[in-house]
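1. The sequence and its predicted three-dimensional model are supplied below.
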Amino acid sequence: MSTLTESPAWLALAAHHAQIKNQPIASFFERDPQRFTEFSRQFGTILLDFSKQPLDETAIACLFALARQQKLQDWIRRMFSGDRINTTENRAALHIALRADTPVYLDGVDVVPEVNAVLQQMAGFVAAIQDHTHRGYSGLPIADVVNIGIGGSDLGPVMVTEALKPYCLPQLKVHFVSNIDGAQLDNILRNLNPATTLFIIASKTFTTQETLTNAHSARTWFLQNGGDEAAVARHFVAVSTNIAAVQQFGIAAENMFTFWDWVGGRYSLWSAIGLPIALAIGMDNFRALLAGARDMDQHFLNTALEDNLPVLLGLIGIWQINFCQATSQVILPYDQSLHRFSAYLQQLGMESLGKRVTRDGDAVDYSTGVIVWGEPGTNGQHAFYQLLHQGTQVFNADFLAPCNSQHPLHHHHTMLLANFFAQTEALMRGKDAQTVRVELEAEGIPQQLIEQLLPHRVFPGNQGTTSILFNKLDPATLGALVALYEHKVFVQSVIWNINPFDQWGVELGKQLANTILSELTNDRSPAEHDASTSGLMHYFREQRARINE
Ligand SMILES: O=P(O)(O)OC[C@H]1O[C@](O)(CO)[C@@H](O)[C@@H]1O
């Protein structure tokens, strides 16, 4: 047994869970008419309601005791003060400095001036594109921006530009290419004019196979369709921490926006990786996004655990995963503009928390990160909610929605929210056999058929959900929501004693892909592969040869 699972706070939680696990969530409401007020918290315009979670006051108190036992507040302070808490890479995790307006120190040096200098550089570039000072090689204004990046160099910018569509400036279209599958790049390029297209090559390391391959193909397309080498500088900029690799690619230092090794890829949308966001929504709105995140940072740093939204969200997840045995976290935004939000949180959660050893390298004997998934409501209702209502999996669900839409179809928004509220109520209450029987009898269904149908029409309910309502999905609110989830992930990492800032698990597949690629391209006989991999490679070669005949 690990020190965590044998610790007093963990054992108290386990014992309390055994006591209350058979009490329906609905019964907590019957016993406590004030439950909604007591089990919800507000920060700014964000309301977090966890009253529909399967826990009571004692459970919450035990969770706070666990947080204290794991020294959560110390860890929060360590992150904010630039300690090298990413120990396997010997790096700080200072994404909070990207949105700070007071000094943040790394090794005794305030990093905020450097951050501001890059923000200034971004502002100048955004203004030059917008006011047409920066034009394409033929003198026409830039009309399309193509961001080439993957993972954290793609998901954040895509998610935010989609979420903030109402704030996007009409004269510029921003496109995203991430996949090594050439279909994505080809589909975008075939509709673009090189003379009016700007490429942003976004890669923290500038070594990522997908991004560099797409970047080279984009440059070839540019050169073959009217651009020349001298024009590349006007049409290609890079965002990276790796100046040497950027220059080697052929992009001059003055066309590069930098960031720092203390910014994890999945925490980087606030840095120059956010350049496509700033081009899409304008620099003022980008700064509002940063300000919203900063407000959440200050809330996280300075608020007592009991009223701290990221702490609460993280601890609810701990209760669900480690005590209720939830195996997935479903993110259900009732807002179509948040349609990439769960994909974004998937990288944030699964790269950060998909760890099997503690900070000290000992194997864990408790669950850590779970699968993160989801789609916007109401689409999900007609696709996978069946499993949520009547399947056998234990999951934790976050429902999110703005109280006010940004479109004029207000009655749609009321219907959308009615569905949100109905689903969380249905997941909690379920429908018992007696209710089903009465309904079927009222429909005049014969008794024998009622008995047959009954088990299929019963909903067990008692599924925990957290509801997050906010006033409107404006840049500041989105910034606060993303920071809320970043810090939630950090809270869970502290409880589990794992490092959320590395991602060694992505390396093995990359190494093997390089070996296999050279075997496939050079038609070399495969090295030591298993029979399945060799068989697949052989089959692929044969089939490809056949198509090319
Ligand atoms: O920005 P880069 O260095 O191209 O990396 C892209 C992504 O690849 C990963 O390293 C995973 O392979 C992510 O962590 C990262 O966001």
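-> Done, it's in. All figures in this text were calculated on a predicted structure; none of them were measured in a lab.

2. contacts, neighbours, all on C-alpha from now
-> Will do.

3. Which pLDDT value does the model give residue 522?
-> On pLDDT, residue 522 comes in at 81.

4. Residue numbers of the stretch 151-300 of the chain in contact with the ligand?
-> For the stretch 151-300 of the chain, the residues in contact with the ligand (C-alpha under 6 Å from any ligand atom) are 151-153, 203-206, 208, 265-266.

5. pLDDT added to the residues you listed, as a markdown table?
-> Shown next, in a markdown table, are those (pLDDT from 0 to 100):
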| residue | pLDDT |
| --- | --- |
| 151 | 98 |
| 152 | 98 |
| 153 | 98 |
| 203 | 97 |
| 204 | 96 |
| 205 | 95 |
| 206 | 96 |
| 208 | 95 |
| 265 | 98 |
| 266 | 98 |
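
6. any chance of the residues you listed in JSON lines, plus neighbour count?
-> Formatted as JSON lines, these follow (neighbours: other C-alpha atoms under 10 Å):
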{"residue": "151", "neighbour count": "15"}
{"residue": "152", "neighbour count": "22"}
{"residue": "153", "neighbour count": "27"}
{"residue": "203", "neighbour count": "25"}
{"residue": "204", "neighbour count": "25"}
{"residue": "205", "neighbour count": "15"}
{"residue": "206", "neighbour count": "21"}
{"residue": "208", "neighbour count": "14"}
{"residue": "265", "neighbour count": "25"}
{"residue": "266", "neighbour count": "22"}
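
7. excluding its backbone neighbours, what's nearest the closest residue to the ligand within the stretch 1-150 of the chain?
-> Closest to the ligand within the stretch 1-150 of the chain is residue 150: 5.0 Å, counting by C-alpha to the nearest ligand atom. Once flanking residues are discounted, residue 150 sits nearest to residue 178: 4.6 Å by C-alpha to C-alpha, 6 or more residues apart in numbering.

8. ok, now which ones touch the one you found?
-> Counting by C-alpha atoms under 8 Å, 6 or more residues apart in numbering, residue 178 makes contact with 148-151, 154, 184, 210-211, 214.

9. Then residue 99?
-> By C-alpha under 8 Å, 6+ apart, the contact set of residue 99 is 270, 290-291, 293-294.

10. Looking at these, spot the one nearest residue 490.
-> Residue 490 lies nearest to residue 293 out of the contacts of residue 99, by C-alpha to C-alpha, at 14.9 Å.

11. What mean pLDDT does the strand or helix carrying the closest one get?
-> If you go by DSSP states H and E, residue 293 is part of helix 283-302. Per-residue pLDDT over helix 283-302 has a mean of 98.

12. what does it contact?
-> Taking C-alpha under 8 Å, 6+ apart as the rule, helix 283-302 contacts 76-77, 80, 96, 98-100, 123, 126, 167, 270, 277-278, 308-311, 475-484, 487.

13. Just after that helix, pick out the following helix or strand.
-> Trace forward from helix 283-302 with DSSP H and E and the next one is helix 309-318.

14. sorry, back to before: and of the residues of the stretch 151-300 of the chain next to the ligand, the nearest to residue 11?
-> For these, the minimum distance to residue 11 (C-alpha to C-alpha) is 33.5 Å, reached by residue 266.

15. which residues does that closest one contact?
-> 151-153, 156, 347-348.

16. Please flag which of those sit within helices.
-> Among the contacts of residue 266, the residues falling in helices (DSSP state H) are 156, 347-348.

17. most surrounded residue in those?
-> residue 156 (29 neighbours; other C-alpha atoms under 10 Å).

18. So for the chain, the centremost residue is which one?
-> Closest residue to the average C-alpha location of the chain: residue 345 at 2.0 Å, with C-alpha atoms, centre = their mean.

19. can you tell me the helix or strand for that residue?
-> Assigned by DSSP H and E, residue 345 belongs to helix 341-353.

20. which strands and helices sit next to that helix?
-> With contacts defined as 3 or more C-alpha pairs under 8 Å, 6 or more residues apart in numbering; DSSP states H and E, the packing partners of helix 341-353 are helix 155-163, strand 328-333, strand 371-373, helix 475-496.

21. Tabulate these (TSV), appending mean pLDDT.
-> Below are those laid out as TSV (pLDDT from 0 to 100):
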stretch	mean pLDDT
helix 155-163	98
strand 328-333	98
strand 371-373	98
helix 475-496	98
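
22. would JSON lines of those with distance to residue 221 be doable?
-> Formatted as JSON lines, the helices and strands packed on helix 341-353 follow (distance: least, C-alpha to C-alpha, whole Å):
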{"stretch": "helix 155-163", "distance to residue 221": "23"}
{"stretch": "strand 328-333", "distance to residue 221": "38"}
{"stretch": "strand 371-373", "distance to residue 221": "36"}
{"stretch": "helix 475-496", "distance to residue 221": "35"}
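
23. Understood, closing this out.
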